[in-house]
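**Q** sequence first, predicted coordinates after that:
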Amino acid sequence: LKTTAADILQRFGKELYSVQVVLPTRRACLFFKNHLAASIDRVIWSPDIISIEDFIFQNSGTTPADPVDLLFDLWEVYQELSSNGEHSFDDFSVVADVLIDDFNEIDLNLINPDEIFEYLHESRAIQLWNPDGSELTPFQRKYLAFYSSLKEYYYALRTRVEKRGEAWHGLATRQVVESIESNQWQSRFNKIVFVGFNAFSPAEEKIGELLYKEDRAIFYWDIDRWYIQNREHEAGLFFRNYYQRKPFGELGEPSDHLENYHRSIHIRGLSLSVAQTRYVGELLQTAPFTKIPDWEKSTAIVIADESLLL
């Protein structure tokens, strides 16, 4: 983030106000702002710095749908579409959480809802088919009817949230893709700079690819040569794929940070969790790195048991 901030400052100079920087998380945005501020010695108009999630909802024109609201929306959809409504809310809520996650994944992967739900229904019908021609049991018919109605659930839920100007994350991402493809997408920024990614969902990848083809996007990847050359390492899987297909043009040379960066590793064996917390406390008072100015900003404490943080 530090080297990227300096490079963006040099690349765009006085035109920073026309740049939007998109990062993976809001936390990354905070650190990027700090590095950008430390890299300048004059007053400037800052670029717009935003997380990928906020970028998606900003450009879709929707607000994030509350998970609890989605649950009750789907419950009401179920009551409208189900003729018998035999399940209680408690029983239905377990299935509803899974359904909402699946709807989100369908949109994030830009899958055609009609095709995927038709395929699921036919797949289950084949599984339940009896070669001897015997009829399905009542339970099997209900099971098949459930898969037959998934498409109705998806579109009914989608209609409800869209009427409120809301969307789940996957749906909002699909909406941005569709708006760019139909030339309805507008932005006051000349360049969208994607920083710190090593992989995108299919919908996010499509957004980056479309903007790149319009000469609106550039990319600063968070990837190291060690991950790419080690073909068995899953951390380089997506980037190796991008390197072959080139949806974002030439990706440039990856960094060689892991092989060349000097680090010192010390290992201590501690038997109990209380001993771990005591040791961390002592370390933060006596370790040499605590004598470096602003050492807290570049120090991370990672504890296996979250309850020990307090």
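**A** Cool, got the structure. Numbers count the residues shown, from 1 in each chain.

**Q** buried set for whichever strand or helix holds residue 152?
**A** Using DSSP states H and E, residue 152 sits in helix 150-163. Residues of helix 150-163 classed as buried by neighbour count (16 or more other CB atoms under 10 Å): 150, 151, 153, 154, 156, 157, 158, 160, 161. In this view, the C-beta of every residue, glycine as well, is placed from N, C-alpha and C.

**Q** can you spell out which helices and strands pack onto that helix?
**A** helix 67-81, helix 89-108, helix 113-128, helix 169-181 (3 or more CB pairs under 8 Å, 6 or more residues apart in numbering; DSSP states H and E).

**Q** run the last query once more with 10 Å
**A** helix 67-81, helix 89-108, helix 113-128, strand 166-167, helix 169-181 (3 or more CB pairs under 10 Å, 6 or more residues apart in numbering; DSSP states H and E).

**Q** avg pLDDT for the third one?
**A** On average, the pLDDT along helix 113-128 is 86.

**Q** next secondary structure after it?
**A** helix 138-148.

**Q** next, the angle from that following helix to helix 113-128.
**A** 160 degrees (axes from the mean of the first three to the mean of the last three CA atoms, to 10 degrees).

**Q** gap between helix 138-148 and the chain center?
**A** 34 Å (CA atoms, centre = their mean, to the nearest Å).

**Q** so how far is residue 237 from residue 57?
**A** Residue 57 sits 28 Å away from residue 237, going by CB to CB, to the nearest Å.

**Q** those two - which one has more neighbours?
**A** Neighbours were counted for residue 57 and for residue 237 using other CB atoms under 10 Å; residue 57 has more, 20 against 15.

**Q** backbone phi and psi for the residue of the chain most remote from its centre, please?
**A** Most distant residue from the mean C-alpha position of the chain: residue 132, 47.6 Å away (CA atoms, centre = their mean). Main-chain torsions, residue 132, degrees, to the nearest 10: phi -80, psi 0.

**Q** ok, it - contacts?
**A** If you count contacts by CB atoms under 10 Å, 6 or more residues apart in numbering, residue 132 has none.

**Q** mind listing what whichever helix or strand residue 194 is part of pairs with, with the direction of each?
**A** Assigned by DSSP H and E, residue 194 belongs to strand 191-197. Taking DSSP bridges as the criterion, strand 191-197 forms sheet pairs with strand 19-23 (parallel), strand 217-221 (parallel).

**Q** what are the buried residues along whichever helix or strand comes after the first one?
**A** Once the chain leaves strand 19-23, the next helix or strand it forms, by DSSP H and E, is helix 26-38. By neighbour count on 16+ other CB under 10 Å, the buried set for helix 26-38 is 28, 29, 31, 32, 33, 35, 36.

**Q** if we can go back for a sec, quick one: the helix holding residue 152 to helix 113-128, angle?
**A** Interaxial angle of helix 150-163 relative to helix 113-128 (the same axes, to 10 degrees): 150 degrees.
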